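In: could you look at this predicted model? Sequence included:
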Protein chains: 2
Amino acid sequence: MNIADQTFPAIDSANEDRAQAIRDQLRDAIVDRRLAPGTKLSEGEVGTLFDVSRTVARAALQMLSFEGLVRIERNRGAFVANPSPEEARQVFASRRLIEPGIAIAAAGRMTPAHVAAFKAQLDEEGRFIAERGPNARRSEIKASGDFHLLLASVAGNVILQRFMEELVARSSLVIALYGRSGISSCGHSEHTQILEALENGNAERASALMLHHIDHIEADLDLRVRSGPALRQALEF
Amino acid sequence: MNIADQTFPAIDSANEDRAQAIRDQLRDAIVDRRLAPGTKLSEGEVGTLFDVSRTVARAALQMLSFEGLVRIERNRGAFVANPSPEEARQVFASRRLIEPGIAIAAAGRMTPAHVAAFKAQLDEEGRFIAERGPNARRSEIKASGDFHLLLASVAGNVILQRFMEELVARSSLVIALYGRSGISSCGHSEHTQILEALENGNAERASALMLHHIDHIEADLDLRVRSGPALRQALEF
DNA sequence: CTCGCAAAAATCGTATGCAATCTTTTCCAT
DNA sequence: ATGGAAAAGATTGCATACGATTTTTGCGAG
């Protein structure tokens, strides 16, 4: 009612938490493989890089460790996560459990606006696949993850949405680590099929397609252990 | 199979992070309802209470906010979460999606040691139900949650295990807030049935029982909105 | 040349200080 | 009295400081 009310609205968007912004940038860098697994992320370095104190940098690293993208060892520091094949399997097992249900929930809530958002998303995905630049693969992985995040947001459960954010981020890391390159274009067509099912409100079909899709993604990984954990430990850095 | 499979009893518990210890104590207090939803948790107060600096207290509160047990508002502080009915529904929707799958995974991994652990757990649960002390209800809710956490640990997926820890904690809060007291003894018998199915390796049955169990828990809640959010906001403190 | 060990440097964990922001109280005009 | 502005007080956000721990470096013995 008051005129004074108007000054209020979006002041803090500029003032948004700095730690969160740093976390987002670091997460992107990790998921995009610009930061290799095992890389040390020292508080001081991150701090100077983003021009904040160690306090803030530390908070950002802490957040990433909760998401599983960073491993923090006491008195030693933070390192970009280096998920083991077992961990990778668990990530995909979790997705197999959760995402078909998310697809079902989303199928019942699709609006024309959602459909449009998905189409735009798939277009972009297709563009990245066609593109054959040096970092096309990165963009491709990221875009593919965004499809799943969009789906989770449509499903309308903020808790599951957060879980999916973590799982997608970890998946991107795993794919970058263990992926066998080729078959991702297949993933694109699967996304298209899933959207089709969603548009038709065919929840069961969307769910089944999603399950297969996840299986395919995991099947494209090479999760054989290459060497004993001791050796890996030694080579990690 | 491995000796290493046995549960790690907190090795570095002496050296353990202090923030983590504080987080655990606060979480217990929140889940037990010793800290009412909406209660302000100021950094200074928490710090003096646990005899640490604000830095450490802040870290503990931050962790709890990631788990959804505490809500942090910028420049205002941390408050014990006050989940809305909608949030409560989402918690249980998430559990309906995840826990049946966890039951299936656990069914395939049950060892005699696990069975023994479950029996001990159920015994304790039964004791709390029989007991009619003033805080019997608290202990009951907690023990009931522990059953689900034990199951998650047996399932052997650390990611899902962490998700379940969050969901169980939030459920406890929700039950304390919206629970209609009576029917929890029914929950105990359901736990017993689930264990039975697990012992027999009957994964499908364990999964189905779990699903019904979650439905029953949620059905015992009164999730009708009592008043407009504005009024709730006003009364919250 | 390698190994071991001690000193130096780097890094982390935590306490504390200061500015910014929010909350409460005070106090004055209506 | 009541409403509201301004000051006082409390609390948070962030930077910095310092001891503790880890890692690296330097150097002498084998």
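Out: That came in fine, so what should we check first? Numbering: from 1, shown residues only, chains lettered A, B, ... in the order given.

In: just how off-centre is stretch A:104-111 within its chain?
Out: 21 Å (Cα atoms, centre = their mean, to the nearest Å).

In: now stretch A:25-44
Out: With Cα atoms, centre = their mean, you get 14 Å for stretch A:25-44.

In: so what touches that stretch?
Out: For stretch A:25-44, the surrounding residues in contact (Cβ atoms under 8 Å, 6 or more residues apart in numbering or on different chains) are A:46, A:50, A:54, A:57-58, A:60-61, A:64, A:67, A:69-70, A:77-83, A:135, A:138, A:141-142, A:145, A:169, A:172-173, A:176-177, A:236-237. For every residue, glycine as well, the C-beta is placed using N, CA and C.

In: are any of those buried, and if so which?
Out: Buried members of the contacts of stretch A:25-44, counted by 16 or more other Cβ atoms under 10 Å in any protein chain shown: A:46, A:50, A:57-58, A:60-61, A:64, A:67, A:69-70, A:77-83, A:138, A:141-142, A:145, A:169, A:172-173, A:176-177.

In: tell me how far residue A:20 lies from DNA strand C.
Out: Separation of residue A:20 from DNA strand C (Cβ to the nearest atom of the strand, to the nearest Å): 16 Å.

In: pLDDT (mean, whole number) over the helix or strand hosting that residue?
Out: Using DSSP states H and E, residue A:20 falls within helix A:18-31. The pLDDT scores in helix A:18-31 average 95.

In: let me know whether it sits next to DNA strand D.
Out: Yes - contact of helix A:18-31 with DNA strand D (Cβ under 7 Å from any atom of the strand) involves A:18-19.

In: next helix or strand past that helix?
Out: Downstream of helix A:18-31, the first helix or strand assigned by DSSP H and E is strand A:40-41.

In: strands paired with that following strand, and their directions?
Out: Sheet pairing here is set by DSSP bridges, and for strand A:40-41 it gives strand A:77-80 (antiparallel).

In: buried ones in whichever helix or strand comes after the partner strand?
Out: Downstream of strand A:77-80, the next assigned helix or strand under DSSP H and E is helix A:85-107. Buried residues in helix A:85-107, defined by neighbour count with 16+ other Cβ under 10 Å: A:85, A:87-95, A:97-107.

In: how about the residues of chain A by DNA strand C?
Out: A:15, A:42-45, A:54-55, A:58, A:72, A:74-78.

In: can we see that at 10 Å?
Out: Residues of chain A lying near DNA strand C by Cβ under 10 Å from any atom of the strand: A:11-12, A:15, A:40-48, A:53-55, A:57-58, A:61-62, A:72-79.

In: and those, which are buried?
Out: With neighbours counted by 16+ other Cβ under 10 Å, these contain buried members at A:41, A:43, A:46-47, A:57-58, A:61-62, A:72, A:77-79.

In: now these in CSV, with pLDDT?
Out: Below are these laid out as CSV (pLDDT from 0 to 100):
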residue, pLDDT
A:41, 98
A:43, 98
A:46, 98
A:47, 97
A:57, 98
A:58, 98
A:61, 98
A:62, 97
A:72, 97
A:77, 97
A:78, 98
A:79, 98
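
In: also near DNA strand D: which of those residues, exactly?
Out: Residues of these in contact with DNA strand D (Cβ under 10 Å from any atom of the strand): A:43, A:47, A:57-58, A:77.

In: and the residue positioned nearest the centre of chain A, how far is that from residue A:32?
Out: Nearest to the mean C-alpha position of chain A, by Cα atoms, centre = their mean, lies residue A:169 at 2.5 Å. Residue A:169 is 11 Å from residue A:32, where distance means Cβ to Cβ, to the nearest Å.

In: go on, residue A:60?
Out: Counting by Cβ to Cβ, the separation of residue A:60 from residue A:32 is 17 Å.

In: before we move on, back to that, in helices only, show me the contacts of stretch A:25-44.
Out: Within these, residues falling in helices by DSSP state H are A:46, A:50, A:54, A:57-58, A:60-61, A:64, A:138, A:141-142, A:145, A:169, A:172-173, A:176-177.

In: rewinding a little: report the buried residues of the helix holding residue A:20.
Out: Neighbour counts using 16+ other Cβ under 10 Å place A:18-19, A:22-23, A:26-27, A:30-31 of helix A:18-31 among the buried residues.

In: pick out whichever of those residues sits closest to chain B.
Out: Nearest to chain B among the buried residues of helix A:18-31, counting by Cβ to the nearest Cβ, is residue A:19 at 9.3 Å.

In: please tell me how far the nearest residue to that closest one once chain neighbours are set aside sits from residue B:66.
Out: Nearest residue to residue A:19, sequence neighbours excluded (Cβ to Cβ, 6 or more residues apart in numbering or on different chains): residue A:59, at 4.0 Å. According to Cβ to Cβ, residue A:59 and residue B:66 sit 11 Å apart.

In: thinking again about what came up before, of the buried residues of helix A:85-107, which ones also sit close to chain B?
Out: When contact is defined as Cβ under 8 Å from any Cβ of the partner chain, those meet chain B at A:87, A:90-91, A:93-94, A:97-98, A:101-102, A:105.

In: what does the pLDDT read for residue A:237?
Out: Residue A:237 carries a pLDDT value of 37.

In: let me redo that: residue A:218
Out: 94.

In: got a list of what the closest residue to DNA strand C within chain A touches?
Out: Nearest residue of chain A to DNA strand C (Cβ to the nearest atom of the strand) works out as residue A:77 at 3.1 Å. Residues near residue A:77 by Cβ under 8 Å, 6+ apart: A:40-43.
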